[in-house]
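Asks: What follows is a predicted structure for the sequence shown.
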Amino acid sequence: MKDFATIAIPSHPKYLSIVRSVTGKIAQIYEITETLTEDMKLAVDEACANVIKHAYQGDRTKKIVLKYKITKKSFNVIIEDSGIKAKTDLIKGRDLDDIRPGGLGIHFIKRVFDVFHFDETKKKGNRLILIKYMNIKK
Amino acid sequence: MNIGIASYKGSKVIQLSGDIDMYSSPELRTELMGLIKKRISPLYVDFKEVSYIDSSGIATFVEGLKIMKTYDGRLRLFCIPQGIMEIFRFSKLDRVFEIYGSIDDAINS
C-alpha cells in the first residue's frame, strides 16, 4: 500500500486551518487514534507556520506544497517551499525550562514525528520530510 | 477564534472560542495587551470553548504573563480542555500558569 495526497496552499496564516483539516481527515481515513491525529495536526501546522515565518519571512503570496504519503508502516508528510534555505544547524527549540515566548513549535513537531529531515538535494527552497513510523490499518 | 470580554463577580474574564493559531493570535495579543496595559489583575481567561492552540497562541500568553509579573499581576486560566492541557504540560507551562477547573475556583483561590 502506498497512497498519496497533495495539497498546495498560499503562504497565508489563514490557510493553516485547511492544513489542519486535511491532515486530520487523512489521519481519520487511516484510523489513526484521535490523540495522535491531534498531535499530527499541530505538528504539520507548526511546520507550515515556520515556512511562512522563516522561509518566506512573512510573505503571504507564496506557495506551500504538502504531500502526504501513507504506507503500511509509516505516515509521511513532505512540506515544500521556494523560500530562503533553512539553516538546519540552527534549528532547535528553546530549552523547555527556559520560559519565554516562542521556540516551542519545533518541539511540537519532533514529539510526534520520528524523522524531521531537510532534503538538502532540493536546489531552491526547502523540502522538509516528516515521518511517523506506525502500523497503518487500511 | 472569537474573543469576548465579560465581567463575572466584578472580575474581567476573557472568553475565547475556536482555534488560536498563527492567524488569530495577533488579535488575541491585541486584546490581552490592552487589558494588561490597564493593569487589570487578576485577569481570567476562559478556555472552555477553545478547540485548538498552537505555539503562537501559547507565546501570546507567556508574553502576557511575563509583563504582568513585572507589576505582580495575576493571569489565571480556567476550563482548559484535556487536549490543550496536554500541550501546556508538555511545554512545562502547567507549572508556570495558574490553572483552575472553573471560574469560581480561579476567583476563590
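Replies: On my side now, so go ahead. Residues are numbered from 1 along each chain as shown, chains lettered A, B, ... in the order given.

Asks: Report the contact partners of the closest residue to A:Ser11 other than its chain neighbours.
Replies: Of all residues not flanking A:Ser11 in the chain, A:Lys62 sits nearest, at 4.1 Å (CB to CB, 6 or more residues apart in numbering or on different chains). Using the backbone N, CA and C atoms, a C-beta is placed for each residue, glycine as well. Listed by CB atoms under 8 Å, 6 or more residues apart in numbering or on different chains, the contact partners of A:Lys62 are A:Pro10, A:Ser11, A:Tyr56, A:Asp81, A:Ser82, A:Gly83.

Asks: Could you do A:Glu46 as well?
Replies: Contacts of A:Glu46 were listed using CB under 8 Å, 6+ apart, and they are A:Gly105, A:Ile106, A:Phe108, A:Ile109, B:Asp54, B:Ser55.

Asks: Compare these and tell me which has the most neighbours.
Replies: Per-residue neighbour counts (other CB atoms under 10 Å in any protein chain shown) across the contacts of A:Glu46 peak at B:Ser55, which has 28 neighbours.

Asks: Relative to B:Lys12, how far out is it?
Replies: Distance check for B:Ser55 against B:Lys12: by CB to CB, to the nearest Å, it reads 26 Å.

Asks: Surely B:Gly4 is within a strand?
Replies: Yes: assessed with DSSP: H, G, I helix; E, B strand; the rest coil, B:Gly4 lies in a strand.

Asks: Skipping adjacent residues, who's closest to A:Lys67 in space?
Replies: Across the structure, with CB to CB, 6+ apart as the measure, the residue nearest A:Lys67 apart from its sequence neighbours is A:Ile78 (4.2 Å).

Asks: Just the pLDDT for the one you found.
Replies: At A:Ile78, the pLDDT value in this model is 98.

Asks: ditto for A:Met1
Replies: Listed pLDDT for A:Met1 reads 67.

Asks: Could you do B:Ser7 as well?
Replies: We have a pLDDT of 94 for B:Ser7.

Asks: What is the burial count for it?
Replies: When neighbours are defined as other CB under 10 Å, B:Ser7 has 8 of them.

Asks: A:Leu96 too?
Replies: By other CB under 10 Å, the residues close to A:Leu96 number 13.

Asks: Which residue lies nearest the spatial centre of chain B?
Replies: To find the centre residue of chain B, average its C-alpha atoms and take the closest one (CA atoms, centre = their mean): that gives B:Val45, at 4.0 Å.

Asks: is it true that that residue touches B:Arg74?
Replies: No: at 11.3 Å, B:Val45 and B:Arg74 do not qualify as touching, with contact defined as CB atoms under 8 Å.

Asks: what's near enough to touch B:Asp72?
Replies: Contacts of B:Asp72 were listed using CB under 8 Å, 6+ apart, and they are B:Ser41.

Asks: No further queries at this time; thank you.
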